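Q: any chance you can model this:
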Amino acid sequence: MNKPILILTALEVERLAIEQHLNNVEPVIHPATGTDYTKGTYRCNSGILEVIVARTDQTNLNAAIETERAITHFEPEYVFFAGVAGGLKDVEVGDILIGRDVYGYERGKTEKSNFKPRPQFGASTYALERLAGHYAKSNAWKQTTEKLLKPEFAPIIRTYTGTIASGEKVDASVDSDLHQFLKQNASHALGIEMEGLGFLEVCRMRPLVNTLLLRGISDLVDDKGHMDGKGSQSYASANVAAFLFGLLEQLDSSHARTQPNREQKLVEIMCKLYPGGLRDNQVWIAAGGDLSLINLGQSGRGQWVEAIRTLKLGGGGNVNIDSLIETVAEEYGDNKDVKEIL
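A: Next comes the predicted model:
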């Protein structure tokens, strides 16, 4: 693996947790902007990895700016965002969330006393998300959790894969308007944070760069102040950092050696450029596809996986893989990854 691995965090406590796993740590300054990074090495089974750590500060806007700047400068093959999140559903403090996708809840239309959401979506790289899910079930991670565990927070550390809500607000009460809005419109979201959408939106335009959003649960909304006082942010940051570096051990043997074929690349490109699914920008219809032939009652990624599988079998309507790629190229013709599969 010749290219560096880029890890982004929002908070200083998260950055410090990442750096605890690195050797030969030294500062790196961006030559044009003066942005400060940390460079270090990590010794794993496959050799020594070069790791760049960047802190974005909070909010999706800041995350997007710093992600774009760091990817452009360092040209990594793998990009991770690792940090803490508030728990919304099924989780306890210290648990790990593998962000399959994000639900950007801020965008919408306001009418008199009504708000009509127009959510945004972002998606992690499918193969990397699946690899993380596999690692979460491994004996290696189980043994790591036994060392990390602090029973004052929860009796075990669990790992979930799913949706994370992302916006510009801190949800600090189950009685807040925001919390009630999320229960109504994003009841499937496991956690809430402030940077994942900006991170994945930038990565969307580099669909063949491997990206993954990881979060450690630091509070359960109503108990945020109390848990912060007990050191829950440090605990959650340490847990997600340990999970991330355990995952890096798996890359050479599992993911990095697997070269995706054209159809697999197309799935990833469609999931990133059109994370909402086949109806995003009407791309499926524009390519000649029939929406009625695909199950739309699933995530955007699920729709694209099913759609490309259907195309391989010769179905989908008056659409084929070439016509779909040509339609995408009309909108994203200058995108390097789109050009690669033309």
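Q: what pLDDT is listed against the residue lying closest to Leu22 once chain neighbours are set aside?
A: Nearest in space to Leu22, with sequence neighbours left out and distances taken as C-beta to C-beta, 6 or more residues apart in numbering, is Gly40 at 3.0 Å. For the C-beta atoms, the positions are set from N, CA and C on the backbone; glycine is no exception. We note a pLDDT of 97 for Gly40 in this prediction.
Q: next structured bit after whatever helix or strand Gly40 lives in?
A: Here Gly40 sits within strand 36-44, counting by DSSP states H and E. Proceeding C-terminally, strand 36-44 gives way to strand 47-55 as the next helix or strand, assigned by DSSP H and E.
Q: okay, buried residues for that next one please.
A: Buried positions in strand 47-55, judged by neighbour count with 16 or more other C-beta atoms under 10 Å: Leu49, Glu50, Val51, Ile52, Val53, Ala54, Arg55.
Q: please identify which of those residues is nearest to Arg279.
A: When those are compared for distance to Arg279 (C-beta to C-beta), Ala54 comes out closest, at 34.2 Å.
Q: for that closest one, what are its contacts?
A: Ala54 is in contact with Leu6, Ile7, Leu8, Thr9, Thr35, Tyr37, Thr38, Glu66, Thr67, Ala70, counting by C-beta atoms under 8 Å, 6 or more residues apart in numbering.
Q: quick check: it vs Ile65, distance?
A: Counting by C-beta to C-beta, to the nearest Å, the gap from Ala54 to Ile65 is 11 Å.
Q: so Trp141 is in which element?
A: Under DSSP H and E, the secondary-structure element containing Trp141 is helix 139-148.
Q: contact partners of that helix?
A: Helix 139-148 is contacted by residues Gly94, Tyr135, Ile156, Ile157, Thr159, Ala238, Asn239, Ala242, Phe243, Gly246, Glu249 when judged by C-beta under 8 Å, 6+ apart.
Q: domains in this protein, by residue range?
A: As assigned by automatic domain parsing, the chain contains the domains 5-255, 262-341.
Q: most packed of those domains?
A: Looking across those with neighbours counted as mean count of other C-beta atoms under 10 Å, the highest average goes to domain 5-255: a mean of 19.
Q: re the thing from before, okay, who's weakest in the contacts of helix 139-148 by pLDDT?
A: Lowest pLDDT of the contacts of helix 139-148: Glu249, 92.
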